[in-house]
Structures are given as structure tokens and as C-alpha cells.
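[1] no sequence on this one, just coordinates:
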DNA sequence: TTACTTGCAAATACTTTGCACGTGC
DNA sequence: GCACGTGCAAAGTATTTGCAAGTAA
């Protein structure tokens, strides 16, 4: 599903839930759905949304993101910088993240071997998997710039 | 390494760093090292430490835990309840967590297959692994009580 | 009209820090 | 004695909420 289709789906979802489609919600959804791979924080989402529709408040972004997460349109991540970050949810396949501890670069990946292993481990312990979160903290092999101590 | 050995190691570490061994630090370390598998939060650590040595303040627990984490004696986790949780660090092998989304139960596991896969994936993307965090959110198969809505 | 939304500001919830007083070494 | 440590209270951060005014349907 591309960004346009996702926005349409979100609009339908709002209607189906008796919620209203406002210019604020539309702008925020647009920002989210066109941020593939970026993992934006609330302040970042706010800044971009205000370019589309000025005057949007922080609380509206916060509440709209919760709406998007609850509706399955977005997923939240905590990468350890103390901020919650968001990305468009992928309804078909799940992916995980490689995060460089030096430069902060984030690369997404998916691996069926790990997914399968998780199901097996959960089953062995008397559980069924609902979701998972895997973050691999790494260092770039070809060198990268320290985000906290720029050269 | 058992709890007693870990406490000794921590005491030596303090000396080697020119830091002082106080009754507060000792009590907090004792609480941590005897909490295997519990993943205590700061308030919980504080409560238990105060039973050993009354009068300990929150800030002291906070600063001592940072000391323990920095020294490699403890590791931090964020399980999504908005609190940082701590457990004694295992110097030999890493383990991950299965977390029941309904009752909050946490089970630890380790899996060499997943560990090996992570190294391979990182290498394929031009990284070397520094650390990782894997949380599998599950549901108990034999039923459990909802922590937010007790029966 | 009417229920849902918004933006502001205030309230939370945790975490982190400044500082005067204590205390290991 | 002196440098490090402690406890309190206050300051940060990021998140969440109350409410009067605004708006989609």
C-alpha cells in the first residue's frame, strides 16, 4: 500500500468509527505516510504538519498519532533517545531495526529465520506471539560521524 | 556468578575507581543482585533498599543504579510501561524477554540461533553488532489474569 | 444542531541535577 | 581533612489531560 492509499484507508477508518475527518488529521496522516523509513518524533511530525496546515497544536499531533497507532496505521518505537518515534505500519510484514550507536543511522530489515525462531521459543514457553520488537545496536564498519561529538 | 560474588565484585570496582563504599550503595547492590529475573523499577529498588538501610533517598538509588549500569553490573530495560527497569547484568551470556501483554509476566530466554542471525544480518548491512534488545510480546496459552482488569 | 475536535495551558510521570550537609578513607 | 556521597527539593523532559471555543456532518 502506498501513501495515497493509506491516507484513503485512514479517512475511511475515521468515518467507520464515527470520528471526523479534519484538516489537521489529514495533514498529520499525510506526514506520517510519506515518512517511510524516517521514524519521526512528535516534534518532527508537528513541524512538518504545520507546513501543510498551519496552526496545528502539539496535542493534536499527539492525539492523532494515538489514533493512528490504535487503528493500526502507525507503530511506535523507542530507540533509546528518550523520545517516542513513529512510522507507518506495514500491514503485511514486520520489520526490525539496526541502529548505529555512534551516528544514529537506522536501517530496517526483516528476517524470516528470526521470526520463525520467535514463534518456536514462545510456544516452548507456553505462549503465542502477539508482536515483537528487535533492535540491534551496531557500529558502522566503514566509519561514521559521532552524532554527539561531531568531528 | 552468584549474588555474593557480584556484591564483592562491585565493592572492588568502587575501590578501583576511587569511589566510596557506603551503606546505601551496598544495600542497593544487594537488592539488585538478589532480584534475578525480577526487573525492578527505581521505586521498587528504593522500597527494598530502605528495608536494609532506612533513610535512603530516591536520588541515591538513581545514581547508584547508573553507577551499576556504567560499571557493567546492571542492565536497563524499557518494557513499555513507561518505567526503566533493572536487572543484574550477566557477564557471560545475553538473554531476551517474553512479555505477556495481558498479565505482564516476563520470562527470560536465550537463543543462539537468533544471536547468530543478528551477526549475519548486521554484517550484510555493513555493521558490527554492539548489543541488541529483543522483546517478544505474547499471550499466555493457558489463560492468565488481565493486570488492568482483574477478574 | 450536536457530538466530536482543537489549541492552549496546566497537570502528570519520570528522570536528572544543584546544593548544603554528611561521611568513608 | 578532604574528596566523594547523600538527601532534599527543585528543575528538566516528554507525555497526557481539562476545558472553553471551534467545526465536520
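    Structure's in. What do you need? Keep in mind the model is a prediction, meaning the values are calculated, not measured.
[2] can you tell me the helix or strand for the residue nearest to the spatial centre of chain A?
    For chain A, the residue nearest the mean C-alpha position is residue A:87 (1.9 Å; C-alpha atoms, centre = their mean). Under the criterion of DSSP states H and E, residue A:87 resides in strand A:84-88.
[3] parallel or antiparallel, list what pairs with the helix or strand following that strand.
    The helix or strand immediately downstream of strand A:84-88 is strand A:96-100, counting by DSSP H and E. Here strand A:96-100 is paired, per DSSP bridges, with strand A:106-109 (antiparallel), strand A:127-140 (parallel).
[4] how about the residues of chain A by DNA strand C?
    A:14, A:18-20, A:22, A:24-25, A:55-60, A:63-64 (C-beta under 7 Å from any atom of the strand). (Each C-beta comes from the backbone N, C-alpha and C, glycine too.)
[5] quick check on those: which are buried?
    A:14, A:24-25, A:56, A:60, A:64 (16 or more other C-beta atoms under 10 Å in any protein chain shown).
[6] flag every buried residue along stretch A:81-94.
    Neighbour counts over stretch A:81-94 (16+ other C-beta under 10 Å) mark A:85-89 as buried.
[7] now swap in stretch A:70-84 and tell me
    A:71, A:73-77, A:79.
[8] any part of it near DNA strand D?
    Yes - Stretch A:70-84 is in contact with DNA strand D by C-beta under 7 Å from any atom of the strand, via A:82-84.
[9] tally up the residues packed near residue A:40, please.
    Using other C-beta atoms under 10 Å in any protein chain shown, residue A:40 has 19 neighbouring residues.
[10] what does the pLDDT read for it?
    Here, the pLDDT recorded for residue A:40 equals 93.
[11] from DNA strand D, how far off is residue A:87?
    For residue A:87, the distance to DNA strand D (C-beta to the nearest atom of the strand, to the nearest Å) stands at 14 Å.
[12] who's in contact with that residue?
    For residue A:87, the contact set (C-beta atoms under 8 Å, 6 or more residues apart in numbering or on different chains) comprises A:32, A:35-40, A:74-75, A:77.
[13] so where's chain A uncertain?
    Along chain A, segments meeting pLDDT under 70 span A:91-93, A:146-151.
[14] close to chain B: what parts of chain A are there?
    Neighbours of chain B within chain A, by C-beta under 8 Å from any C-beta of the partner chain: A:78, A:98, A:100-101, A:107, A:109, A:111, A:113-114, A:117-118, A:121-122, A:125-142.
[15] hmm, 6 Å instead?
    Proximity of chain A to chain B, by C-beta under 6 Å from any C-beta of the partner chain, involves residues A:78, A:98, A:101, A:107, A:109, A:111, A:113-114, A:117-118, A:121-122, A:125-139, A:141.
[16] which SS state does residue A:82 fall under?
    Secondary structure, DSSP: H, G, I helix; E, B strand; the rest coil: residue A:82 is coil.
[17] how close does it get to residue B:78?
    Look at residue A:82 and residue B:78: by C-beta to C-beta, to the nearest Å, they are 10 Å apart.
[18] please apply the same query to residue A:9.
    30 Å.
[19] and if you look at residue A:105?
    When distance is defined by C-beta to C-beta, residue A:105 is 21 Å away from residue B:78.
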